[in-house]
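[1] Just the structure for this:
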Amino acid sequence: MAKTATPSARTGRRSPLASVALLVIGLLATGGAYALFTTSATAETSSQVSSMVSEGQKLFAANCASCHGLNAQGSGVAPSLIGVGAAAVDFQVGTGRMPAAASGPQVEQKPVQFTDAQIAALATYVASLGPGPAIPDSEFLQGNGDVAAGAELFRINCAMCHNVAGAGGALTEGKYAPSLGGTTAKHIYEAMVTGPQNMPVFNDLNITPADKANIISYLKYLDQHPSPGGLDLGNLGPVSEGLFVWIFALGSVVAITVWLTAKSN
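    This is a model prediction of the structure:
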């Protein structure tokens, strides 16, 4: 007597359990591969960060600890660096201000003494000591923001010290606001979030990252478009312009008057 074919045999379909099993196997394989890849990538990143922290600590001990303390806790001649963040180190060391050449009213910019890799290691080490402002993302450093909005923000927040054209200016007690001409976008951003020297801190609640990008765009525009009126007299405004008129214009009038009088006599 012939056997009766089962429904699955007649239709040629797999059992529902087989589909579920295949789905579970696929999910496990995908999840396992992702976990393995992520773990490997995380371990590699952690290893790189650990290596940079170790290298930065050695550089710090050799070049910075004499003033800032062996553990960056600060001393009588230099502040604590715990919590200043990577941005502060990248600005100070990346502009040559640190290590400082000598004490004074203000640490001046000078040639950079470290390579980019060494600066990154120092920044990573200091950042590991406590949370602080990080090095800005490149998206805010392109100089393609709203120039007009950046000019308005700069006039409101920065021009009283740096001059409306970013030419810099004198402050009290031998201090000064440096010229911003030629300053990199990264260092401008880092200065805003860390407040170096006499500069106030402009965190993201004061000036948003997008508005910081607009200010950078304005300053980059000034770099690319020098004064269209000719001699800019240092971009110092009415002081230098008035002095120019007083010395040259009035001086010329007096000289011509004396010449005419002498000639008539």
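[2] all strands for the protein, in order.
    Counting by DSSP state E, the chain has these strands, from start to end: 169-170, 176-177.
[3] List just the one of these that sits closest to residue 185.
    Of all the strands of the chain, it is strand 176-177 that lies closest to residue 185, at 18.3 Å by CB to CB. From N, CA and C alone the C-beta is placed, and that goes for glycine too.
[4] Adjacent strands (with direction) for that closest one?
    For strand 176-177, the pairing partners within the sheet under DSSP bridges are strand 169-170 (antiparallel).
[5] Return the distance of the partner strand from the chain's centre.
    Strand 169-170 has its C-alpha centroid displaced from the chain centroid by 23 Å (CA atoms, centre = their mean, to the nearest Å).
[6] So what touches that strand?
    Here strand 169-170 makes contact (CB atoms under 8 Å, 6 or more residues apart in numbering) with 161-163, 176-177, 236.
[7] Please apply the same query to stretch 178-186.
    90, 94, 109, 135-136, 140-143, 162, 166-168, 188, 216, 219-220, 222-223.
[8] Can you say which of those are buried?
    Buried members of the contacts of stretch 178-186, scored by 16 or more other CB atoms under 10 Å, are 90, 94, 135-136, 140-141, 143, 162, 166-168, 188, 216, 219-220, 222.
[9] Which pair in those residues has the greatest spatial separation?
    It's 135 and 167 that sit farthest apart of the buried ones among the contacts of stretch 178-186, by CB to CB, at 26.9 Å.
[10] Nearest to residue 24 among the contacts of strand 169-170?
    residue 162 (63.9 Å).
[11] Spatially nearest residue to that closest one, not counting backbone neighbours?
    The shortest distance from residue 162 to any non-neighbouring residue, by CB to CB, 6 or more residues apart in numbering, is to residue 177 (4.8 Å).
[12] what separates the one you found from residue 69, distance-wise?
    Going from residue 177 to residue 69 by CB to CB, to the nearest Å gives 29 Å.
[13] go on, residue 211?
    According to CB to CB, residue 211 stands 36 Å off from residue 69.
[14] which of those two has more neighbours?
    Shown here are residue 211 and residue 69; by other CB atoms under 10 Å, residue 211 has more neighbours (21 against 17).
[15] pretty sure residue 173 contacts residue 198?
    No: with contact defined as CB atoms under 8 Å, residue 173 and residue 198 do not form a contacting pair (9.5 Å).
[16] okay, the two: which has more neighbours?
    Between residue 173 and residue 198, counting by other CB under 10 Å, residue 198 is the more crowded of the two (14 against 7).
[17] Fine by me, thanks again.
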